[in-house]
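Enquirer: test case, fold it:
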Amino acid sequence: MTAIILARHGETDWNAGEIFRGRVDVPLNDNGLRQAGLLGKYLSGEKIDIIYSSPLQRAVKTAQAVAARRRLTVSVVENLNDVDCGDWQGLLVREVKEKFPELYQDYLDTPEQVRFPGGETLEEVRSRVMPFVEDAVMRCGEGTIVLVSHRVVHKVLICALLGLGNSSFWNFRLDTGGITRFEFNGDRVVIISHNDNSYLRPVRSLPPADF
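Expert: This is a model prediction of the structure:
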């Protein structure tokens, strides 16, 4: 059996401010650094064999907090990079609504049909993430893999692992620091838990947000 732990990175100021991040290398804020530390502590009692991370520092710092407690090296993988939001990167949600009203509504209604202007589609994210994960599971064999990445990447991956299309993108939430667990038993993929952020209670001053 191979276990996979999907960990979304900790909070950044752009998460808190509802600004589209994409490939912009926004660092963790103070709350995000505390979240990363709590994640490392939360997973410290588990046997983890390998940790993969998106190349963006908000994910790398989160992954390093997990790796530091077990002397593992974080493997940075381009396949786990955040979605390319194109022209939406750096814009507030309200600015996107004003500048791209029809496309933003399409993103909410039919996300599987939308291309971020100048950026990626959800299907393109899926096509670079799934082959990597399948290969990582094969190479790991019996063991546990941690993947630290981003909301869009993990949502797309969760849909793929559950056999759902990208049209199900909005059917579940994934907060900053949220953990989702899967087990691979032969050809069967089983979801064990989703969006676990119980370990964040010591730093939770506001309800967590799926942005």
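Enquirer: state which helix of this protein is the longest.
Expert: What stands out as the longest helix in the chain, according to DSSP state H, is helix 122-140.
Enquirer: please save the CA atoms from it in PDB.
Expert: What follows is helix 122-140, C-alpha atoms only, in PDB (Å, rounded to 0.1, in the frame of the first residue of the first chain):
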ATOM      1  CA  LEU A 122      -7.600  22.900 -15.400                       C
ATOM      2  CA  GLU A 123      -7.100  20.000 -17.900                       C
ATOM      3  CA  GLU A 124      -3.500  21.200 -18.600                       C
ATOM      4  CA  VAL A 125      -2.900  21.200 -14.900                       C
ATOM      5  CA  ARG A 126      -4.300  17.700 -14.700                       C
ATOM      6  CA  SER A 127      -2.100  16.400 -17.600                       C
ATOM      7  CA  ARG A 128       1.100  17.500 -15.900                       C
ATOM      8  CA  VAL A 129       0.200  16.500 -12.300                       C
ATOM      9  CA  MET A 130      -1.400  13.000 -12.700                       C
ATOM     10  CA  PRO A 131       1.500  11.300 -14.600                       C
ATOM     11  CA  PHE A 132       3.900  12.600 -12.000                       C
ATOM     12  CA  VAL A 133       1.800  11.300  -9.100                       C
ATOM     13  CA  GLU A 134       1.300   7.900 -10.800                       C
ATOM     14  CA  ASP A 135       5.100   7.600 -11.400                       C
ATOM     15  CA  ALA A 136       5.800   8.700  -7.800                       C
ATOM     16  CA  VAL A 137       3.500   6.000  -6.400                       C
ATOM     17  CA  MET A 138       5.100   3.300  -8.600                       C
ATOM     18  CA  ARG A 139       8.600   4.300  -7.500                       C
ATOM     19  CA  CYS A 140       7.700   4.600  -3.800                       C
END
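Enquirer: so what pLDDT did Gly141 get?
Expert: Note for Gly141: predicted pLDDT of 86.
Enquirer: and the pLDDT at the closest residue to it other than its chain neighbours?
Expert: Once flanking residues are discounted, Gly141 sits nearest to Thr2: 6.8 Å by Cβ to Cβ, 6 or more residues apart in numbering. C-beta coordinates here come from the backbone N, C-alpha and C atoms, glycine included. With respect to pLDDT, Thr2 scores 95.
Enquirer: just checking, Thr2 touches Asp135?
Expert: No. Look at Thr2 against Asp135 with Cβ atoms under 8 Å: they stay out of range, at 11.8 Å.
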